[in-house]
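>>> Pasted the sequence and its predicted model underneath.
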Amino acid sequence: MSTFDKNDDKSLTTNNQDDEMDRLARQMLLEEAKRNKIRAETQGALGWQKPKLVTNRKFLRNTLISNAVHNIHKNEQDKQQRNRSTMERKRSRSPPPSSSSSSSSRKQRDHHHHDERSSKRAKNSK
């Protein structure tokens, strides 16, 4: 086999592949033309327009209002919870009521003794 024969085989293979690609391209174009014909018959010229996305404004408005109201209530609840926990922490830091009353009674007792001593000194000095 000569080098010329090998080149002929390669060119025949390349030609066959090119012919196959051309045939597939023509077939795809024909199928697309058929689909476009059907689209033109059923939808008219508007069949090629991109569809417009329409926002459901009523739903959107109601959703936003609902979320805003929920957030307001949630913030109020959080604030109340913080206040409650702050009050509980303050209560836990202060001494129990029984110990504070005993210290106040001790102060009253000491004050009373001081008054008695003062009055005795006053009587003795006269």
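Yes, it's here. Computed from a predicted structure; not experimentally measured.
>>> how about the helices in this structure?
Counting by DSSP state H, the segments of the chain that form helices are 3-43, 57-93, 97-125.
>>> Determine which of the ones you listed shows the lowest mean per-residue pLDDT.
Among those, helix 97-125 carries the lowest mean pLDDT, a mean of 56.
>>> Please work out how many residues are found near R39.
Other residues within reach of R39, judged by other CB atoms under 10 Å, total 13. C-beta here means a position set from N, CA and C on the backbone, and glycine is covered the same way.
>>> How about it: what's its closest non-neighbour residue?
Excluding its sequence neighbours, the residue lying closest to R39 (CB to CB, 6 or more residues apart in numbering) is G47, at 4.2 Å.
>>> who's in contact with N67?
With contacts taken as CB atoms under 8 Å, 6 or more residues apart in numbering, N67 has no neighbouring residues.
>>> circling back: count of neighbours near the residue nearest to R39?
Burial of G47 is recorded as 12 neighbouring residues (other CB under 10 Å).
>>> same deal with A40?
For A40, the number of neighbouring residues by other CB under 10 Å comes to 12.
>>> Retrieve the pLDDT associated with the closest residue to it other than its chain neighbours.
Closest residue to A40 apart from its sequence neighbours, by CB to CB, 6+ apart: G47 at 6.2 Å. At G47 the predicted local confidence, pLDDT, stands at 81.
>>> repeat for the one 3 residues further on
Predicted confidence (pLDDT) for K50: 82.
>>> And it, its phi and psi?
K50 adopts backbone torsions of phi -70, psi 140, taken as degrees, to the nearest 10.
>>> Tell me how far the residue nearest to R39 lies from K34.
Computed with CB to CB, to the nearest Å, the distance linking G47 and K34 is 14 Å.
>>> Next: Q27.
Taken as CB to CB, the span from Q27 to K34 is 11 Å.
>>> What residues sit buried inside stretch 12-20?
With burial defined by 16 or more other CB atoms under 10 Å, not one residue of stretch 12-20 is counted as buried.
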